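Visitor: Make a model of this:
(one chain, ligands or ions: 1)
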Amino acid sequence: MTTTQILTPAQLQEHIDRLPRMDIAHLPTPFEEMPRLTERLGGPKIWIKREDMTGLAFGGNKARHYEFEMPHVQNEGYDVMINIMDYHSNNARMTAAAANKIGMRYILVLKNAANRNVQGNLLINKILGAELHLLDEYQSGDAGGYATRLKEELEAEGHKPYLIQDHLFPRIVGMVGFVQAGIEMREQIEDANLKNVHIIGVAGRSLCGLIIAAKVMGLDWKFTGVTVNYDVPLEEYVFDHNKDIQEILDLTVTFEKSDMRVLDQYIGEGYGVMTSEVAEAIHIAAQTDAIILDPNYTGTTMAALIDQVEQGGFDNDETVIFIHTGGLPAVFTFAEQLANFKQQS
Ligand SMILES: Cc1ncc(COP(=O)(O)O)c(C=O)c1O
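Guide: Numbers count the residues shown, from 1 in each chain. Here you go, the predicted structure:
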């Protein structure tokens, strides 16, 4: 039988501190109550962890990731980063911002981006000076091939390009950043004297990082992950990498599938298509506790939270903590739909 070695926050911090890191994110991020949403829904108390306030060109969970990612890329001698993302991607924008912080050239291959309004993340990418390749729908079918050709051309010119999608490291440090967030949250939760913690967030790397932190520190936090994208199977995206994170941090525990209740009934038509429930949830969060959510990730997660409270999916004596992972500029990409949305009440 393997015994789980429980670590103190300071001991867990030592494991994280073995990795090269730079100071990018504004930490700790705020941890606040959502009293008016709690009252409106009439269920458990709702709190929010403000990962939208990490800084780095409008904030979001990637600021924590890039604290580890950028020194790694730099130390390995790469001189240009290439990223393949959707036209409205937050990751695309935050990578552009992080690249600027270290003066790294950044090439962005954006799918389904031709002839789009220059708005939201796309606008910020331009302002940040990313070298943009705006693919049409047809080209987007082989965005990987397109990026690989760019990489080979750069290599032929004597560069050392880092095509993000070719590497495992970015995926793993996405979790490491949130092990750090877990240490931070433990203190905030203790200071606020909260019990029966149930964390809800996008089903992904950030949540897995928090799960690891909780398990390593012996905390009884529960987790609900909300799926936002049919095209990214969770198996491949996170669950197959539980051993990688254990290895990189040299820990005795990792996360398991059973550590997270996964809700996948809130995706609607798919990633990048906002449902009316999500539009409603965005308005509700804004009009109760003045929290602005995004149409793809956090809006979907809030729609799930609201529905779950209504359906009795949380116990009333739990403290539900919503992880706001950012995505603010995407609101402007969906400006027309949001502006024309008619609320039910
Ligand atoms: C706003 C937002 N939330 C959540 C996620 C999911 O990220 P992760 O899997 O790293 O937790 C993303 C990914 O780009 C995002 O942009």
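
Visitor: of all of the chain, which residue lies closest to the ligand?
Guide: Gly204 (2.4 Å; Cβ to the nearest ligand atom). To be clear about C-beta, it is placed using only N, CA and C from the backbone, and glycine gets the same treatment.

Visitor: Could you tell me which residues of the chain lie near the ligand?
Guide: The chain has residues 60-61, 90-91, 174, 202, 204-206, 294, 297-298, 325-327 near the ligand, with proximity defined as Cβ under 6 Å from any ligand atom.

Visitor: picking up where we left off before, what's the burial count for the residue of the chain closest to the ligand?
Guide: Neighbours of Gly204 under the rule other Cβ atoms under 10 Å: 23.

Visitor: who's in contact with the residue lying closest to it once chain neighbours are set aside?
Guide: For Gly204, ignoring the flanking residues on the chain, the nearest one in space by Cβ to Cβ, 6 or more residues apart in numbering is Val238 at 6.3 Å. For Val238, the contact set (Cβ atoms under 8 Å, 6 or more residues apart in numbering) comprises Met175, Ala203, Gly204, Arg205, Cys208.

Visitor: does the first one really touch Leu210, like I thought?
Guide: No - taking Cβ atoms under 8 Å as the contact criterion, Met175 and Leu210 are not neighbours in contact, 9.0 Å apart.

Visitor: Report the helix or strand with the lowest average pLDDT across this structure.
Guide: helix 234-237 (a mean of 92; mean pLDDT, DSSP states H and E).

Visitor: Going toward the C-terminus from that helix, what's the next helix or strand?
Guide: Past helix 234-237, further along toward the C-terminus, the next helix or strand under DSSP states H and E is helix 242-249.

Visitor: Parallel or antiparallel, list what pairs with the helix or strand following that following helix.
Guide: Tracing the chain C-terminally past helix 242-249 and defining elements by DSSP H and E, one meets strand 261-263 next. According to DSSP bridges, strand 261-263 has the following sheet partners: strand 222-226 (parallel).

Visitor: What lies in contact with the helix or strand containing Glu153?
Guide: Glu153 belongs to helix 143-156 when elements are defined using DSSP H and E. Under the contact criterion Cβ under 8 Å, 6+ apart, helix 143-156 has outside partners Val80, Ile82, Ile84, Ile107, Val109, Lys111, His133, Leu135, Gln139, Pro161, Leu163, Gln165.

Visitor: Report the beta-bridge partner residues of the second one.
Guide: What that stands for is Ile82. For Ile82, the beta-bridge partners are Ile107, Leu163 (DSSP bridges).

Visitor: correct me, but it touches Ile107?
Guide: Yes - Ile82 lies in contact with Ile107 (Cβ under 8 Å); the separation is 4.6 Å.

Visitor: Please report how far Lys222 lies from Ile189.
Guide: From Lys222 across to Ile189, the span is 13 Å (Cβ to Cβ, to the nearest Å).

Visitor: Give the intersection of the neighbour lists for those two.
Guide: Taking Cβ under 8 Å, 6+ apart as the contact criterion, the common neighbours of Lys222 and Ile189 are Val197.

Visitor: Quickly list the domain ranges of this protein.
Guide: 9-60+170-339, 64-167 (automatic domain parsing).

Visitor: which residues touch the closest residue to Asn196 other than its chain neighbours?
Guide: In space, not counting the residues next to it along the chain, Asn196 is nearest to Glu318; the distance is 4.5 Å by Cβ to Cβ, 6+ apart. Contacts were defined as Cβ under 8 Å, 6+ apart; by that measure Glu318 touches Pro44, Asn196, Val197, His198, Lys222.

Visitor: Next one, pLDDT for Glu318 please.
Guide: Glu318 carries a pLDDT score of 98 in this model.

Visitor: Buried ones only from the contacts of helix 143-156, please, as a PyMOL command.
Guide: When burial is assessed using 16 or more other Cβ atoms under 10 Å, the buried subset of these is captured in PyMOL by this command:
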select buried, resi 80+82+84+107+109+111+133+135+139+161+163
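
Visitor: before we move on, the earlier item: backbone phi and psi for the residue of the chain closest to the ligand, please?
Guide: For Gly204, the backbone dihedrals (degrees, to the nearest 10) come out as phi -170, psi -160.
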